[in-house]
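Novice: The sequence and its predicted three-dimensional model are supplied below.
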2 protein chains.
Amino acid sequence: MGVTSRHVHEPASRRLANELRGQIVGGDLSPGDRLPSERTLAETHGIARNTAREAVRLLTDEGLVTAEHGRGAFVRAQPRLLRFGQHRYSRKVREETGLSPFHAEVIAQGLTPNAVLDRIGRVQPPTHVAERLDVSPRTKSVVERVNWYFVDGEPVQIGTTYIPWKIAEGTELATGDNLGSGDLYARFEDQGYAITYTREEVTARMPTRDEARDLRMPGGVPLLVVTHTGLDAQRRPFELTEFKMRADHSGLDYTMKVDN
Amino acid sequence: MGVTSRHVHEPASRRLANELRGQIVGGDLSPGDRLPSERTLAETHGIARNTAREAVRLLTDEGLVTAEHGRGAFVRAQPRLLRFGQHRYSRKVREETGLSPFHAEVIAQGLTPNAVLDRIGRVQPPTHVAERLDVSPRTKSVVERVNWYFVDGEPVQIGTTYIPWKIAEGTELATGDNLGSGDLYARFEDQGYAITYTREEVTARMPTRDEARDLRMPGGVPLLVVTHTGLDAQRRPFELTEFKMRADHSGLDYTMKVDN
DNA sequence: TAGTGGTCTAGACCACCAT
DNA sequence: TGGTGGTCTAGACCACTAT
């Protein structure tokens, strides 16, 4: 009895999933290739369609496969990871390239970026936002700006920025006017808030149904949720952005000094 | 037709999932409570057991519910998040408390930490490790140390540390001797490498079956994968640790200066 | 129109847990 | 031993995509 004979009663669905996984990682099935249909798999393996279906589901849960209604199940291409770090807020990058860091990163990968302001308005902030920005959670104390970020036309990130009304009032920060999202930090400087420190809180979770729809996320892909707080030289918070990123397209890359 | 009548043909499984979700977020079902059994749900809702089962599966995929074979399906308690940042490597924390940052963070939450060295050996590094440590990917150029981290006896993180053999050779870094994992950076200082910068690359993905087993992860919970590289004052890399964290127990919290 | 995935039914047996 | 979730069968109809 070697190590290979662990699963004596391995369920048929898992056995089929293993077989297909082997073909994927072994290269017999390449990214973009269509898997045999559920009915075909059932017939060729002498199992019920629901069992073949369960096998395919296991693979989609692992993120290896994506199912498309009416078309088939396809081997997922693993997109190159876009990496975002604290240079996201760097004035130097902003001024030297004239590009927002998102645009710069995407272009550097030979892809086409796009960002649009989806929604803007004065709202009551969620409690965790109110805490971090030191504003009232019970009044319309912030401006909310919702930005969508696209790569080659596909949405990959949604960023929701909250700005205290006291700071945004009467400025372009409170209106949708003439503001590529990359220029946001220049506008804050106009108001006397130069971003000097950034606090980044990172978690991951599975998307809700709506989030998965918005970001066209296949199964088995988590959301990377980054709560960014912008602080000035006196460590006063003046802006908070919550990024929701497809974890298969985006990663984070920070280099920082250890505070000894 | 208002916004509420969107889903005319909402499938029964999703309707039941919505109903149960409402009871969970509304407080009718509290963390730890058992859901009605699949057979009961099927009977009371006039649907097949498989359909009720699908509804429960939707909730486990969202991370709201966890199913236990032979016992039932239970509303998941949302554990408080442990937050790790660059102070993880701070000498000050190390010296003032005598605790590793992991221990300090867990104790601060009123919980009981534990860390054990699971495995140690001289190995050939994975390519991404060899690149970052500037060592050969084709020889046994690194020492690998695998640490498991527990909270209240439950495993929540696995950290795999790679150290160039040139640095570890002949020191406690290369042996399992007498080295609480928190003291690791003190040992590096002995060798002339004081951690000054840390590079943290963060991604998220669903766990493999083995990882889910090792970390006793319920369905619907992603892994947060942190690739940490330790750099000295001359920005020479001397150590790399890959952390796999349960995203429902652990988060990251970095504050850093923006490099303008 | 034919083929695909999405959902559902009404059973069945197995593996696990508590009593 | 009885109840639970885990797996499976052999069908069925619906919704979507391509031709």
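Specialist: All right, it came through fine.
Novice: burial of the residue in the stretch 51-200 of chain A that DNA strand D sits nearest to, as a residue count?
Specialist: Nearest to DNA strand D, among the residues of the stretch 51-200 of chain A, is A:Gly70, at 2.5 Å (Cβ to the nearest atom of the strand). Bear in mind the C-beta positions are built from the backbone N, C-alpha and C, glycine included. Per other Cβ atoms under 10 Å in any protein chain shown, the neighbour tally for A:Gly70 reads 4.
Novice: did I read that right, it in a helix?
Specialist: No. A:Gly70: not assigned to a helix; according to DSSP: H, G, I helix; E, B strand; the rest coil it is coil.
Novice: distance of it from A:Ser37?
Specialist: For A:Gly70, the distance to A:Ser37 (Cβ to Cβ, to the nearest Å) stands at 11 Å.
Novice: tell me the domain boundaries of chain A?
Specialist: Split into domains by automatic domain parsing, chain A comes to A:3-75, A:82-252.
Novice: Now do the same contact list for A:Gly32.
Specialist: For A:Gly32, the contacting residues are A:74-75, A:77, by Cβ atoms under 8 Å, 6 or more residues apart in numbering or on different chains.
Novice: same thing with A:Arg39?
Specialist: Neighbours of A:Arg39 in contact, by Cβ under 8 Å, 6+ apart: A:49, A:52.
Novice: So for it, what's the pLDDT?
Specialist: Looking at A:Arg39, its pLDDT is 93.
Novice: Pull up the residues of chain A that are close to DNA strand D.
Specialist: By the rule Cβ under 7 Å from any atom of the strand, the part of chain A lying against DNA strand D is A:11-14, A:46-51, A:54, A:68-71.
Novice: Selecting buried members of the residues you listed in ChimeraX, what would you type?
Specialist: This is how ChimeraX selects the buried members of the residues of chain A next to DNA strand D, with burial counted by 16 or more other Cβ atoms under 10 Å in any protein chain shown:
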select /A:13,47,51,54
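Novice: Which ones among the residues of chain A next to DNA strand D lie within helices?
Specialist: A:12-14, A:49-51, A:54 (DSSP state H).
Novice: Tell me which two in those are the farthest apart.
Specialist: A:Arg14 and A:Arg49 (16.4 Å; Cβ to Cβ).
Novice: picking up where we left off before, now render the domains of chain A as a markdown table, adding distance to B:Gln234.
Specialist: Listed next are these as a markdown table, based on distance: least, Cβ to Cβ, whole Å:
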| stretch | distance to B:Gln234 |
| --- | --- |
| domain A:3-75 | 39 |
| domain A:82-252 | 21 |
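Novice: Give me whichever of those is most buried.
Specialist: Of these, the one with the most neighbours on average (mean count of other Cβ atoms under 10 Å in any protein chain shown) is domain A:82-252, at a mean of 18.
Novice: now do the same end-to-end measure for that one.
Specialist: For domain A:82-252, the first and last residues are 8 Å from each other (Cα to Cα, to the nearest Å).
Novice: returning to that earlier point: so which one among the residues of chain A next to DNA strand D has the lowest pLDDT?
Specialist: Pick the lowest pLDDT in the residues of chain A next to DNA strand D and you get A:His69, at 86.
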